[in-house]
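Chemist: Starting from these lines, generate the structure:
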Amino acid sequence: MLALLPTFNSLFFMCFVRIFNTNKVNEKKHLNWFSLAAIVIAAYLMVVIILENTVTLKLPARISVFAFLVILLASPLYIAIKAHHNEPLRTSLIEENQVIDDSDKVDTGILHAAEDSRGYRRLPANVDHDSSQLGENMNLLQAICIGDFWFLFIATACCMGSGLATVNNISQIGGSLGYTNFETSTLVSLWSIWNFLGRLGAGYVSDYFLHVKSWPRPLFMAFTLATMSIGHSVIASGLPGSLYAGSVLVGVCYGSQWSLMPTIASEIFGVAHFGTIFNTITIASPIGSYIFSVRVVGYIYDKEAAGKGNTCSGARCFMLSFFIMAGATFVGFLVALALFFRTRTFYQGAVVRRLQVSVMK
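Modeler: Here you go, the predicted structure:
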């Protein structure tokens, strides 16, 4: 079911995909409502999970909780229907302004000819060869010949590999530390919420500081990797409640990488071959997961449990593994920091270009 349902779901709904002319103000408003609905649903699920962990809900309460959840899940459909009703008015406004838009394109044609196809200004001639190609539409072969690709690949392997190793072994970790099965299952459910918050929050925060403060996105990747290293160290400590606190940090940072990495890849390598480049970089995730889950966590756990019924209890079962993953994510932090310094000039140029376009409009 987990393997087939997403595929059939995509095939079924692809016939409903259509291309629309967009209005940035209206689209942004609707997207903000979608984001707000997602945050409300995540917050509601978190409260319900915590309540189920502290009190026993009777059948009427469970039915009420489920009914309200269905209403919340239907709220994005209401937003979409409401936006569709406003579509005729928006379309007429776009048609009225079409002539003005075309004239603006003619007036700015010379300016755009001196820039790349993605709207970013070309960099000065005194920057290095790798940096001078940033923002252009590269194919996979061109991308892998640039050091920034491998910096992004290594940072992705360190973060996503250690994050997957954590969630894959969280039940065993909880069992070794004395957590009940219900508590460990609660941790897995809460992990999904932290993951979601990381994906949504990292995209919004990095976009805001990129446009307002000119802070490059790789800086936020470095920050999340450093925070993730702290989270792994917290779990390794084995202190009471450390698994809860550490899983929050690791979960949020893991989700953040899934928001930051695709955006950085599209900005550095362009969007013409983005799908190929993105999926090539994501190979780092299973590679990192295999290294950390099998060769680090699994190997050390089996070594500690040898001769004891193949079970291990206590903080020592995973302490060394998580300190190793903390060190790996710190290496990823250094790599992401190097990527930040390599692309800093490019991002500053991109911000200047975007500000110029907003002033012209």
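Chemist: Name the residues of stretch 153-160 that are buried.
Modeler: 153-160 (16 or more other CB atoms under 10 Å). (Glycine included, C-beta is placed from N, CA and C.)
Chemist: SS state for residue 197?
Modeler: Secondary structure for residue 197, judged by DSSP: H, G, I helix; E, B strand; the rest coil, is helix.
Chemist: Was I right to think it contacts residue 255?
Modeler: Yes: between residue 197 and residue 255 there is a contact at 6.7 Å, judged by CB atoms under 8 Å.
Chemist: Select from the buried residues of stretch 153-160 every entry located in helices.
Modeler: 153-160 (DSSP state H).
Chemist: now the residues you listed in CSV, with distance to residue 201 and pLDDT?
Modeler: Converted to CSV, these look like this (distance: CB to CB, whole Å; pLDDT from 0 to 100):
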residue, distance to residue 201, pLDDT
153, 24, 96
154, 24, 97
155, 19, 96
156, 19, 95
157, 23, 96
158, 20, 96
159, 16, 94
160, 17, 95
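Chemist: Among those residues, find me the one that's closest to residue 85.
Modeler: Each of those was scored against residue 85 by CB to CB, and residue 160 proved nearest at 40.8 Å.
Chemist: Show the contacting residues for the closest one.
Modeler: 254, 257-258, 284-285, 288-289 (CB atoms under 8 Å, 6 or more residues apart in numbering).
Chemist: before we move on, what SS does the closest residue to residue 293 other than its chain neighbours have?
Modeler: In space, and not counting its chain neighbours, residue 293 is closest to residue 165: 4.3 Å by CB to CB, 6 or more residues apart in numbering. In three-state terms, and counting by three-state DSSP, residue 165 is helix.
Chemist: which ones are touching residue 165?
Modeler: Residues in contact with residue 165, defined by CB under 8 Å, 6+ apart, are 288-289, 292-293, 296-297, 321, 325.
Chemist: same deal with residue 139?
Modeler: Residue 139 neighbours (CB under 8 Å, 6+ apart): 272-273, 276.
Chemist: now do 6 Å
Modeler: residue 273 (CB atoms under 6 Å, 6 or more residues apart in numbering).
Chemist: What's the separation between the residue lying closest to residue 215 once chain neighbours are set aside and residue 227?
Modeler: Excluding the flanking residues, the one nearest residue 215 by CB to CB, 6+ apart is residue 209, at 4.2 Å. Going from residue 209 to residue 227 by CB to CB, to the nearest Å gives 16 Å.
Chemist: one step back: more neighbours: residue 197 and residue 255, which one.
Modeler: residue 255 (25 against 20; other CB atoms under 10 Å).
Chemist: tell me which element that one is part of?
Modeler: Secondary structure assigned from DSSP states H and E places residue 255 in helix 242-269.
Chemist: and that helix, what other elements does it pack with?
Modeler: helix 147-168, helix 181-212, helix 217-237, helix 274-281 (3 or more CB pairs under 6 Å, 6 or more residues apart in numbering; DSSP states H and E).
Chemist: Next, the buried residues of the longest one.
Modeler: What it means is helix 181-212. Residues of helix 181-212 classed as buried: 184-187, 190-200, 202-203, 205-206, 210 (neighbour count, 16+ other CB under 10 Å).
Chemist: again with the last one
Modeler: By neighbour count, with 16+ other CB under 10 Å as the criterion, the buried positions of helix 274-281 are 274, 277, 280-281.
Chemist: so where's this structure uncertain?
Modeler: Confidence mapping of the chain against pLDDT under 70 gives the ranges 2, 20-26, 87-135, 307-309, 350-361.
Chemist: one more time with 80, if that's ok
Modeler: Scanning the chain for pLDDT under 80 picks out the ranges 1-3, 6, 18-28, 53, 84-136, 306-310, 349-361.
Chemist: Among the ones in helices among the buried residues of stretch 153-160, which one sits closest to residue 316?
Modeler: Nearest to residue 316, judged by CB to CB, of those is residue 158 at 24.1 Å.
Chemist: Residue 333 is in contact with that closest one, correct?
Modeler: No: at 8.2 Å, residue 158 does not count as touching residue 333 under the criterion of CB atoms under 6 Å.
Chemist: ok, residue 56 to residue 137 distance?
Modeler: Residue 56 is 57 Å from residue 137, where distance means CB to CB.
Chemist: Then residue 11?
Modeler: 29 Å.
Chemist: Neighbour count: these two, which is higher?
Modeler: Legend: neighbour count by other CB under 10 Å for residue 11 and residue 137, higher for residue 137 (14 against 9).
Chemist: now the more buried one, what's its secondary structure?
Modeler: When classified by three-state DSSP, residue 137 comes out as coil.
Chemist: how near is it to residue 152?
Modeler: Relative to residue 152, and taking CB to CB, residue 137 is found at 17 Å.
Chemist: same question, residue 29
Modeler: Note on residue 29: its distance to residue 152, by CB to CB, is 33 Å.
Chemist: for residue 228, same thing?
Modeler: 16 Å.
Chemist: and these two? which has more neighbours close in?
Modeler: Neighbours per residue (other CB under 10 Å) separate residue 228 from residue 152, with residue 228 holding more: 32 against 27.
Chemist: What sits closest to that one if chain neighbours are left out?
Modeler: Leaving out its chain neighbours, residue 228 is closest to residue 253 (CB to CB, 6+ apart), at 3.9 Å.
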